[in-house]
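[1] Have a look; sequence and predicted model below, questions after that.
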Amino acid sequence: MARRAPERDLSGLERRLGHSFRDTALLRRALTHRSHAADHNERLEFVGDSLLNCTVAILLYERLPGLPEGDLSRLRAGLVNQASLHEVACALSLGDELALGEGELKSGGFRRPSILADAFEALLGAVYLDAGFDAVRGVVGTLFADRIESVREAPPAKDPKTALQELLQGRRLPLPRYAVVEVGGEAHQQVFRVECRVDELGVACSGEGASRRAAEQQAAEAVLAQLAQMKAGRA
């Protein structure tokens, strides 16, 4: 069951995106979730994911001269994560344009961050196939302009895993150990639970996320918070 009729006028989305499609079939495919039809957006998402990482890397390289590779990598990770892409997708009102199956529609899939983030990446893949890399760069440069400008004005924050690793290395302690303790949810919407242990300090915390990496980051953040509490208690 379609959420939107295939003939729906998408010119408003094209204006918000900053790209007018010559091949509108690409645009409609980018907006089609696999729950709706066999001709869905997952292959376009695969292309768009790589394009987004490449484009953001180039923009950061050009606008932050002299910044070392590690800092550039952390900034890029912060700009292209699911939360950031969900915000961009919401600004484009992608949820109003998605073609979803009946089950996803009833469960609120048009609001789900993972579906919206994936659809945005699929849109970039569609833009590339429609008009090439320069068009993708133009779209990303416009939609991410404020975010990139904000990171230029603030020092790059280290992700929790990196921060925890450097903290332990500074104390000459072994690196933390991460282990997946549970994987739940449906096949298309899995939830990972990961434990992070620092046995030398007697600390173990868990985290959850839509990917193992996301769960590891949350677990590491919890360990950092616990270590900070322990330090404050000794002060």
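    Received the coordinates, thanks.

[2] In the protein, what residue spans correspond to helices?
    11-17, 24-30, 42-63, 69-79, 82-91, 102-106, 113-131, 133-143, 145-152, 160-170, 212-234 (DSSP state H).

[3] lowest-confidence stretch among those?
    Least confidently modelled of the helices of the chain is helix 102-106, at a mean of 77 by mean pLDDT.

[4] Just the buried residues of that one, please?
    Glu104, Leu105 (16 or more other Cβ atoms under 10 Å). For the C-beta atoms, the positions are set from N, CA and C on the backbone; glycine is no exception.

[5] Thr142 and Gly18 touch, don't they?
    Yes. Using Cβ atoms under 8 Å, Thr142 is in contact with Gly18, at 5.2 Å.

[6] follow-up on the earlier one: closest one to Glu186 among the helices of the chain?
    helix 102-106 (10.4 Å; Cβ to Cβ).

[7] for that closest one, the distance to its chain's centre please.
    Its chain's C-alpha centre and that of helix 102-106 lie 23 Å apart, by Cα atoms, centre = their mean, to the nearest Å.

[8] Same check on stretch 97-111?
    On the basis of Cα atoms, centre = their mean, stretch 97-111 sits 20 Å off its chain's mean C-alpha point.

[9] next one: stretch 164-175
    The chain centroid and the centroid of stretch 164-175 are separated by 28 Å under Cα atoms, centre = their mean.

[10] which residues are contacting it?
    With Cβ atoms under 8 Å, 6 or more residues apart in numbering as the test, stretch 164-175 has contacts from Lys158, Pro176, Cys196, Val198, Glu200, Leu201, Ala220, Val223, Leu224, Leu227.

[11] distance of the fifth one from Val181?
    In this case it means Glu200. To Val181, Glu200 is 20 Å away according to Cβ to Cβ, to the nearest Å.

[12] nearest spatial neighbour of Leu27, skipping sequence neighbours?
    Leaving aside its chain neighbours, Leu27 sits nearest to Phe21 (4.6 Å; criterion: Cβ to Cβ, 6 or more residues apart in numbering).

[13] Quick one, grab the pLDDT at that neighbour.
    95.

[14] mind giving me the domain ranges of the chain?
    Domain assignment for the chain by automatic domain parsing gives 11-152, 160-234.

[15] Could you single out the most deeply buried of those?
    Of all those, domain 11-152 carries the top mean neighbour count, a mean of 18, counting by mean count of other Cβ atoms under 10 Å.

[16] How far does it stretch from one end to the other?
    33 Å (Cα to Cα, to the nearest Å).

[17] Now do it: distance to the chain's middle.
    Offset of domain 11-152 from its chain centre (Cα atoms, centre = their mean): 10 Å.

[18] can you check stretch 215-228 too?
    20 Å.

[19] With just CA atoms, put it into PDB.
    The C-alpha coordinates for stretch 215-228 follow below in PDB (Å, rounded to 0.1, in the frame of the first residue of the first chain):
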ATOM      1  CA  ALA A 215      26.500   0.900  20.800                       C
ATOM      2  CA  GLU A 216      30.200   0.900  21.500                       C
ATOM      3  CA  GLN A 217      30.300   4.700  21.500                       C
ATOM      4  CA  GLN A 218      27.500   4.900  24.000                       C
ATOM      5  CA  ALA A 219      29.100   2.300  26.200                       C
ATOM      6  CA  ALA A 220      32.400   4.200  26.100                       C
ATOM      7  CA  GLU A 221      30.600   7.400  27.000                       C
ATOM      8  CA  ALA A 222      29.000   5.700  30.000                       C
ATOM      9  CA  VAL A 223      32.500   4.500  31.200                       C
ATOM     10  CA  LEU A 224      33.900   8.000  30.800                       C
ATOM     11  CA  ALA A 225      31.000   9.300  32.900                       C
ATOM     12  CA  GLN A 226      31.600   6.700  35.600                       C
ATOM     13  CA  LEU A 227      35.300   7.400  35.700                       C
ATOM     14  CA  ALA A 228      34.500  11.100  36.100                       C
END
